[in-house]
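>>> After the sequence you'll find the predicted model.
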Amino acid sequence: MRNPLSKLVMELEPSGIRRFFDVANTMKNVISLGVGEPDFDTPWHIREEGIYSLEKGRTYYTSNAGLLPLREQISIYLQSRFQLPYEPDEILVTVGGSEAINIAFCAMLDPGDEVIIPEPCFVSYLPCVKMAGGVPVRISLEEKDEFKLTGQKLKEAITAKTKMVVFPFPNNPTGAVMSANELQIVADIVKKHDLFVLSDEIYSELSYKEKHVSIASIPGMAERTVVINGFSKSFAMTGWRLGYAAAPREVIRQMTKIHQYVIMSAPTTSQYAAIEALKNGIADVDRMREAYNQRRRFLVKELNDMGLPCFEPYGAFYVFPNISKFGMTSEEFATRLLKEQRVAVVPGDAFGKCGEGFLRISYAYSIEDLKRALEKIQKFIDILR
């Protein structure tokens, strides 16, 4: 019998995060600091709206693009929070931000088009580019630059085949953010070379030093940017699986075509809950951000004090400490920490080769859990010394 599987799919590497946590899930009494999921419940008024939508029998398909009242609220939200000018017909509601990322590449790439991907970064970009027929071009971001994308690195990666740049800030896994001035440098290069940007802003509400600035808000960039966002991180709605893309009409039209064939429409109950989140949930976002910020400051200080150098991240809910001085790979360090102390973190190389020598630790957990984990990490380090 012939091989039933696609060579392209078979050659894709499984997620390094999932592979590591498959092991962790077989063990008892593990303190997990690895999953990028808020430990807060979805605020009650948002859950209540979802329940009410079910009670009212709103269990039908919505339009492919998503409920118009939801797209109107997203338009208002993007304008008021980030000065983004997208209209409701320039917005597509998707099954999480991950679907939006995938179909954006499918809608915009032809075979052989190059896509610049700054790493370390979210694990989905590279395989989604490959599945869309594109060619990933990796940029290795550096700790000395606080893992920011510099203009020099971007210019060095551009070729005649470059079509898109992935812009993953605030960043998962490093927590890096970029200022308005730094964004302007990147935007000028993008415009000069007539490129497009996929800007993953799922952590836009989790920016601690100053308010998030979207690259799409820079003059001349909205028309060449696909903004990816959603409700998972900001509103603690991971299981509701709801995201969205905002982009020029012609891009959204083609993305909607793909979405129509492979998904039909995002979950109806989740869409009604999301309307409530945008209308009345900003205070919840502010409350959760303050809690994350407290955990962030605590964790960075404790890691540095115990001898794990960690630059200060100002976005998302991750820290990225350097463990290279211990003479082990990230995988070896994380595996031993898990087996010997029952603390689960993610090896840095799961997010790209340049993540080697680092760990991703999430602070989307209570201070109590962080304290317990830090005590065990300290014991592990004492053994290594």
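That came through, no problem. Residues are numbered from 1 along each chain as shown.
>>> Low-confidence stretches in the stretch 1-150 of the chain?
Counting by pLDDT under 70, the stretch 1-150 of the chain shows low-confidence ranges at 18-20.
>>> Which helix runs longest in the chain?
In the chain, with assignment by DSSP state H, the single longest helix is helix 282-305.
>>> any chance you could map the strands in the stretch 1-150 of the chain?
For the stretch 1-150 of the chain, applying DSSP state E, counting those that start in this stretch gives strands covering 31-32, 91-94, 114-119, 135-140.
>>> right, and those - which one's nearest M10?
strand 135-140 (17.3 Å; C-beta to C-beta). Bear in mind the C-beta positions are built from the backbone N, C-alpha and C, glycine included.
>>> got a list of contacts for the next helix or strand after the longest helix of the chain?
Going down the chain from helix 282-305, the next helix or strand is strand 318-319, by DSSP states H and E. Strand 318-319 is contacted from outside by 36, 172-175, 296, 299-300, 303, 310, 313, 360-363, using C-beta atoms under 8 Å, 6 or more residues apart in numbering.
>>> just these: which has the poorest pLDDT?
Of all those, G36 carries the smallest pLDDT score, 81.
>>> Go ahead and confirm that one touches S362.
Yes: taking C-beta atoms under 8 Å as the definition, G36 is a contact partner of S362 at 5.6 Å.
>>> deepest of the strands of the stretch 1-150 of the chain, which one?
For those, the largest average neighbour count (mean count of other C-beta atoms under 10 Å) is found in strand 91-94, namely a mean of 27.
>>> Neighbour count for G36 and S362, which is higher?
Between G36 and S362, counted using other C-beta atoms under 10 Å, S362 has the larger neighbour count: 25 against 20.
>>> doesn't L33 make contact with the more buried one?
Yes: assessed by C-beta under 8 Å, S362 is found in contact with L33 at 5.3 Å.
>>> secondary structure element for A334?
Under the criterion DSSP H and E, the helix or strand holding A334 is helix 330-341.
>>> What is the helix or strand just after that helix packed up against?
Downstream of helix 330-341, the next assigned helix or strand under DSSP H and E is strand 343-344. Here strand 343-344 touches helix 16-24, strand 31-32, helix 330-341, helix 367-384, going by 3 or more C-beta pairs under 8 Å, 6 or more residues apart in numbering; DSSP states H and E.
>>> can you list residues touching both of G36 and S362?
Common neighbours of G36 and S362 are listed as 317-318 (criterion: C-beta under 8 Å, 6+ apart).
>>> for R71, what are its contacts?
For R71, the contact set (C-beta under 8 Å, 6+ apart) comprises 65, 88-89, 91, 93, 244.
>>> which one of the residues you listed sits closest to I76?
Taking the contacts of R71 together and measuring to I76 by C-beta to C-beta, the closest member is P88, at 9.5 Å.
>>> Quick check, that closest one in contact with L68.
Yes: P88 is within contact range of L68, at 6.3 Å (criterion: C-beta under 8 Å).
>>> Of all the strands of the stretch 1-150 of the chain, which one comes closest to E368?
For those, the distance to E368 is smallest for strand 31-32, at 10.3 Å, taking C-beta to C-beta.
>>> Pull the distance from the closest one to the chain's centre.
Strand 31-32 has its C-alpha centroid displaced from the chain centroid by 21 Å (C-alpha atoms, centre = their mean, to the nearest Å).
>>> Show which residues not belonging to that strand make contact with it.
Outside strand 31-32, the residues that touch it by C-beta under 8 Å, 6+ apart are 21, 24, 342-344, 365, 369, 372-373, 376.
>>> Need those in CSV (columns: neighbour count and distance to I46).
Compiled in CSV, those are given as follows (neighbours: other C-beta atoms under 10 Å; distance: C-beta to C-beta, whole Å):
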residue, neighbour count, distance to I46
F21, 18, 27
A24, 21, 30
R342, 16, 34
V343, 24, 32
A344, 23, 29
Y365, 22, 21
D369, 16, 24
R372, 14, 30
A373, 24, 29
K376, 15, 35
